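Chemist: sequence below, structure please.
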Amino acid sequence: MKTQYRNIFLLILLLHGLSPMAQTNSLSKLEQQKKQLESDIAYTNSLIDKTKSEQKAGLDNLSLIQTNIASRKELVSSIDKQLIILSIEITEKQKKVALLYDDLAKLKENYAKMVAFAYRNRNTYTQLMFIFASDDLNQAYRRLTYLKTYSEHRVKQAHNITLQSEIINRELAALKVKKAEQEYLLGQKSRELIALDAEEKQYQAKLESLQTREKELRNDLEEKKRLAARLNKQIEDAIAEVARREEESRRNVEKRDKVAAVKMAEAEVLASSKIEKMRGRLPMPVAKGVIVTRFGVYDHPVLKGIKVISNGIDISTNDGAVITVVADGVVRRIFTTGAVTSILVQHGLYYTVYTHLKAVTVQAGDVVRARQPLGMVTPAPDSDRAILHFELWRQSVKQDPEQWLAK
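Modeler: Next up is the predicted model:
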């Protein structure tokens, strides 16, 4: 909590140093981020609601609820930042309006003096006497010019008062809009905090429910471990076989044509460099989805003292969602593990794996382009929800896909 307050304080200091245009741009970006988070939360909720069987609404649902909690907290944080910017803008506008009112008061005071002077010298006789009382023609001309200029200045002052009043009215209207935005965001923040509290209670209830199914969860975990080990071996064997064949092909080509062998090596380097340049910018293999399992070793969300290893990420999406390849490459293997179909695509020294597919639209040996469909995702045998398992390898070394995919 202290860290959160410190970050907010630093944000206030930073924003005070920004120009109004920079603050507006920042507010616009925060609004875009807020809309994206709202869309993500709505989509995650739709996935949770699609689970038909309470018996199958297990770890996947728990992960989705946890994802929603994280998104909701980020949304509240985004709203807080918007409120800070709006508060600064409102304060600045209030100061500006106060200064404008001061200027208007001075204009009116000066104008009142002019009107009083004009009233005292309102008849033509008085003005003529002022001119004829001059010592010489030069002075008379200056006095005539003065009276004319004074009259024009009075008209100009009246015009300035009108303009100043219009500026104040515009600023007051803008201030009213800012205050309405602030009021709306405060209401939204309150609603989001209520929703966050409900989700945290939902998460706790789901966790306690799953803890009563410990034996079932352990059995499921062991089965998933066996399938993951089989898939892992199939991937490693396939990559090793591809590497062996390519090396054998290079040697054979080199015996006949060294230039051709060099070109083969260069093509592999080019393919590898293309995907490396896209690190952090690769498209998601599914148009819409939520990551429910992340790469690496982590604690089991329910079973205490149990570590889980994931060689890739699991993306929860809609049943029948189209799966697309993330970069240019060559389909090397289409294989099954139990009832699960997977596709291995080579990108030079890199490989991507797409698991839980149906209606596959490619064949081994096909050259594919980035975003080209590979098939559709299908629910896992023990789930009502469609989950794509996605892995990325550099030769035989597993990579964290999230570090490669666009945020």
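
Chemist: all contacts plus neighbour counts: C-alpha atoms, from now on.
Modeler: Fine.

Chemist: can you tell me the SS state at Ile309?
Modeler: Three-state assignment for Ile309 (DSSP: H, G, I helix; E, B strand; the rest coil): strand.

Chemist: which residue is the nearest non-sequential neighbour of it?
Modeler: Val297 (4.5 Å; Cα to Cα, 6 or more residues apart in numbering).

Chemist: would you tell me which helix is longest in this protein?
Modeler: helix 137-211 (DSSP state H).

Chemist: pLDDT averaged over that one - what is it?
Modeler: Average pLDDT, helix 137-211: 81.

Chemist: what strand or helix carries the residue nearest to Ile309?
Modeler: Assigned by DSSP states H and E, Val297 falls within strand 296-299.

Chemist: mind listing what that strand pairs with, with the direction of each?
Modeler: strand 307-310 (antiparallel) (DSSP bridges).

Chemist: C-terminal to the partner strand, what's the next element?
Modeler: strand 313-317.

Chemist: need the helix or strand of this structure with the lowest average pLDDT.
Modeler: helix 124-132 (a mean of 49; mean pLDDT, DSSP states H and E).

Chemist: mind listing the helices for the protein?
Modeler: Under DSSP H, the chain gives helices at 2-16, 20-49, 59-120, 124-132, 137-211, 214-256, 258-277.

Chemist: turn those into TSV, including distance to Lys407 and mean neighbour count.
Modeler: Shown next, in TSV, are the helices of the chain (distance: least, Cα to Cα, whole Å; neighbours: other Cα atoms under 10 Å):
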stretch	distance to Lys407	mean neighbour count
helix 2-16	23	12
helix 20-49	12	16
helix 59-120	14	17
helix 124-132	79	13
helix 137-211	23	15
helix 214-256	26	14
helix 258-277	16	15
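
Chemist: okay, those in CSV with distance to Thr352 next?
Modeler: Below are the helices of the chain laid out as CSV (distance: least, Cα to Cα, whole Å):
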stretch, distance to Thr352
helix 2-16, 39
helix 20-49, 25
helix 59-120, 23
helix 124-132, 95
helix 137-211, 33
helix 214-256, 10
helix 258-277, 11
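
Chemist: do you know which of the ones you listed lies nearest Ala321?
Modeler: With Cα to Cα, the closest approach to Ala321 among those belongs to helix 20-49: 12.7 Å.

Chemist: give me the contacts around stretch 250-269.
Modeler: 348-349 (Cα atoms under 8 Å, 6 or more residues apart in numbering).

Chemist: export it as PDB, just CAs?
Modeler: What follows is stretch 250-269, C-alpha atoms only, in PDB (Å, rounded to 0.1, in the frame of the first residue of the first chain):
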ATOM      1  CA  ARG A 250      24.000 -29.900 -46.100                       C
ATOM      2  CA  ARG A 251      26.800 -32.400 -46.200                       C
ATOM      3  CA  ASN A 252      25.500 -34.000 -49.300                       C
ATOM      4  CA  VAL A 253      25.000 -30.600 -51.000                       C
ATOM      5  CA  GLU A 254      28.400 -29.500 -49.900                       C
ATOM      6  CA  LYS A 255      30.000 -32.500 -51.600                       C
ATOM      7  CA  ARG A 256      28.400 -31.500 -54.900                       C
ATOM      8  CA  ASP A 257      28.200 -27.700 -54.600                       C
ATOM      9  CA  LYS A 258      29.800 -25.700 -51.800                       C
ATOM     10  CA  VAL A 259      28.100 -22.500 -53.000                       C
ATOM     11  CA  ALA A 260      24.700 -24.100 -52.700                       C
ATOM     12  CA  ALA A 261      25.600 -25.400 -49.200                       C
ATOM     13  CA  VAL A 262      26.500 -21.800 -48.100                       C
ATOM     14  CA  LYS A 263      23.200 -20.600 -49.400                       C
ATOM     15  CA  MET A 264      21.400 -23.200 -47.400                       C
ATOM     16  CA  ALA A 265      23.200 -22.100 -44.200                       C
ATOM     17  CA  GLU A 266      22.400 -18.400 -45.100                       C
ATOM     18  CA  ALA A 267      18.700 -19.300 -45.600                       C
ATOM     19  CA  GLU A 268      18.600 -20.800 -42.100                       C
ATOM     20  CA  VAL A 269      20.300 -17.800 -40.500                       C
END
